[in-house]
Every structure is written in C-alpha cells, then in structure tokens.
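Colleague: Next come a sequence and a model predicted from it.
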Amino acid sequence: MTKIFILTTRGLESISAAEIAELDGVTVTETSYRRIAAECSGSLAPLLGLRTVDDIYLDLAHWEGVFHTRDMLAQFNAWSDRLDVQQAAINCRQVRPIPLKPIFSVSVSFIGKRNYTADEVKNSVSDSITFTHGWTYTADDREANLNIRVFVEHEEAYVGVRLGSHAQHERLYKMVERPGALKPTVAAAMLRLVDVQAGQRLLDPCCGSGTILIEAALMGASIQGGDNDPEAIKATRVNMKDAGVQGEIEQWDARVLPLRDGSNKRIVTNLPWGRQTFVNEELGSFYMQVCGEMERIVAAEGRIAILTSTPDLLHFNYLQLIQSLEISLFGQNPTISVYGATR
C-alpha cells in the first residue's frame, strides 16, 4: 500500500477527492485545506491522469511540533535524515525513469507566520539529503529529477516526493497564454460540476486561449467556442493543435451568438472578471447580454457553469442557481456558479 497526498486549488477539494476516489485501488483517507490524503494498492500510473489536481506526492513523512521559532531549522535537518527518499525514487520509477543518484529540488509552503523563511527550510532539508544519500541539489525545479515538497500547515508538516516529472496543473498543450487564461485544473473541475460526458456538445462562448474547450475535448466532448479577440482565436487554435484535439472555433460577439435556440446541453465559460482582463464597456451590461444568449441556446435539460469574481452580475430569467463554489485563483476569490433549466 503506497501512501500519497495530493494538492489542489482551495475550494476544489471535494471535486478533486471525488475524482481520486474513482480510480481503482485508490482510497481517499482525509480531505483538508488544499490537501487530500489517499492510499494506493495498485499501479501509481493512473494517478497521473487526474485532471483537477495541482500536484501528486508520495507521502514521505508527517512531522508534528512544527513551531514558528528559528530552532526549527535544526529540527527540519534532523527529521530529513530519516526520510526514505530511496524508496520514493523506486516508486517513481514505476511511472518514469529516475537516475540512481538523482538531482533533486525542494519546495516549501507555509500556512501561518514563521521566524524563518522557505529558503532556509529548503537549505535544512537539502543539506540533509545531500549528506545522507549523495544526491545533487538544485534550486531550479526544472533541472530536477525529483521534487521534495514540504507543506507546513500550522504546527504540522507533510513531506512528499512528486510522482510526476512536473506539476500536475502544468499542461504541455499550454503553448500560448493570454491575459485571464484559466488554470487547466479549474477548467477540468468546472466540467465535472456540469457532468460533461464523452460525445456531448460543449460550448464556451468566451474561450480565451481555449483551456476549457481543450479539457472538454480530452474528456471526449464535441467542442465549440469563440471569442471576440482574433488573437485569442489564434491562441486557441495553436493550443488545440498542440493538444491534438479538434473543434469548431469562431470569432464572434458573445452577446449575439450565431447559434440555434436550445442547441447546447453544456455551456462552461470563464467570463471577464477582476484584474485578470477587461472588456471595453460596463461589465454589468456585458454580463446581462451574455447571460441572455447562454439562456437562449442552452437545452431544456442543460447546465451552465460560469467563473467570475462578480457572481451578483449573473442574471437569468428562468435558470436557477444549482451550486455555488468559491475558490482561490490569481490572488482573488472568484466563484464557480452552476445554473440549470427548470422548464
């Protein structure tokens, strides 16, 4: 039985836990702030297919008594002497090649104030592993064969080794970024919230660089989307090509969509919001018109998921709010709102 912990976006913990629990041989044992603990009795490879999580780590240790004082730096070093990083490397070799003497990096994150820095903790941990195992440390995660993560939560710390070669939220198809581009894991979570199925038609009327569309296509959906910005259309097409997916992409005004009434069962979109982007008009008027178009073209049994930091601007005549979920993104706290038809 291999113990793992998985990091996700704040607010998406329950969605990620549900996705993890669907894997054969994987049991979720705990769900907390941004972190999900689980046990895997079979192959680790299917874990790398998770779409809603930020990162996956093999569980190395759980340290208690992590205080804010500087003498903790010596304690971090002593605790690290006992980390079984050799077994973690063996487990990682199930899914990717790892040298016998790997290059490693260390990542550290805190909840709560400390009298020491993340870099000082990195040095304490890396010095121990370098001395004990003869591995080579690098400060650049991109150069490392293995990444060791120390996740400090108040007076506890969870330590793990990243299973994959890169963070799970990093998608290789994201070749072209645009202002306001959506985090792929959030896009995948939004699609799960409206239960997008293979073969189902999925529309994103404000597609930006195409993240929602690509994630939906990788789930087997038939995708259609557009944007009023020609550069966004170019970015979407480049990213779709890199992802190896196809769909209908058009330049259009989301307030006047060239689509039939009731023609889409699922609509998922990241509307312009907050500091991430802007529209050249009053936001309330834009939202009202776009909501009117989405309401017109959604099927009677359809679902709509919208991400915005101003959910109070969303207005529909007959669609009802089914679910509302606040998350952390871009240093802000936007909301995913799910609407459904009642007619």
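Modeller: Yes, it's here. Residues are numbered from 1 along each chain as shown.

Colleague: where does residue 82 fall, phi/psi-wise?
Modeller: Per-residue torsions, residue 82: phi -100, psi 0 (degrees, to the nearest 10).

Colleague: what's the nearest residue to it if we skip its chain neighbours?
Modeller: residue 61 (7.4 Å; CB to CB, 6 or more residues apart in numbering). Bear in mind the C-beta positions are built from the backbone N, C-alpha and C, glycine included.

Colleague: what do you get for residue 104?
Modeller: Take residue 104 and drop its neighbours on the chain: the residue closest to it by CB to CB, 6+ apart is residue 146, 4.5 Å away.

Colleague: how about the one you found, what does it touch?
Modeller: With CB atoms under 8 Å, 6 or more residues apart in numbering as the criterion, the residues that contact residue 146 are 85, 88-89, 92, 98, 102-105, 161-162.

Colleague: List only buried entries from the residues you listed.
Modeller: 85, 88-89, 92, 98, 102, 104-105, 161-162 (16 or more other CB atoms under 10 Å).

Colleague: what's the closest of these to residue 214?
Modeller: Taking CB to CB as the measure, residue 162 is the one of these closest to residue 214, at 23.4 Å.

Colleague: List the ones among the buried ones among the contacts of residue 146 that fall in helices.
Modeller: The helices, defined by DSSP state H, take in 85, 88-89, 92 from the buried ones among the contacts of residue 146.

Colleague: Please save the CA atoms from the one helix or strand the residue nearest to residue 82 maps to in PDB.
Modeller: Using DSSP states H and E, residue 61 sits within strand 55-64. The C-alpha trace of strand 55-64 is given here as PDB (Å, rounded to 0.1, in the frame of the first residue of the first chain):
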ATOM      1  CA  ASP A  55       0.200  18.000  -7.800                       C
ATOM      2  CA  ILE A  56       0.700  14.400  -6.600                       C
ATOM      3  CA  TYR A  57       3.200  13.400  -4.000                       C
ATOM      4  CA  LEU A  58       4.300  10.100  -2.500                       C
ATOM      5  CA  ASP A  59       3.900  10.500   1.300                       C
ATOM      6  CA  LEU A  60       7.300  10.500   3.000                       C
ATOM      7  CA  ALA A  61       6.500  11.900   6.500                       C
ATOM      8  CA  HIS A  62       4.200  13.700   8.700                       C
ATOM      9  CA  TRP A  63       6.100  15.900  11.200                       C
ATOM     10  CA  GLU A  64       4.300  17.300  14.300                       C
END
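
Colleague: Which positions within it qualify as buried?
Modeller: 55-60, 63.

Colleague: can you put the contacts of residue 146 in a markdown table and add pLDDT and distance to residue 298?
Modeller: Rendered in a markdown table, the data for the contacts of residue 146 read as follows (pLDDT from 0 to 100; distance: CB to CB, whole Å):
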| residue | pLDDT | distance to residue 298 |
| --- | --- | --- |
| 85 | 97 | 51 |
| 88 | 97 | 47 |
| 89 | 97 | 50 |
| 92 | 97 | 44 |
| 98 | 97 | 48 |
| 102 | 97 | 50 |
| 103 | 98 | 51 |
| 104 | 98 | 49 |
| 105 | 98 | 46 |
| 161 | 98 | 44 |
| 162 | 98 | 40 |
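
Colleague: possible to save these as a markdown table with distance to residue 36?
Modeller: Shown next, in a markdown table, are these (distance: CB to CB, whole Å):
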| residue | distance to residue 36 |
| --- | --- |
| 85 | 22 |
| 88 | 18 |
| 89 | 23 |
| 92 | 19 |
| 98 | 24 |
| 102 | 26 |
| 103 | 28 |
| 104 | 24 |
| 105 | 23 |
| 161 | 17 |
| 162 | 15 |
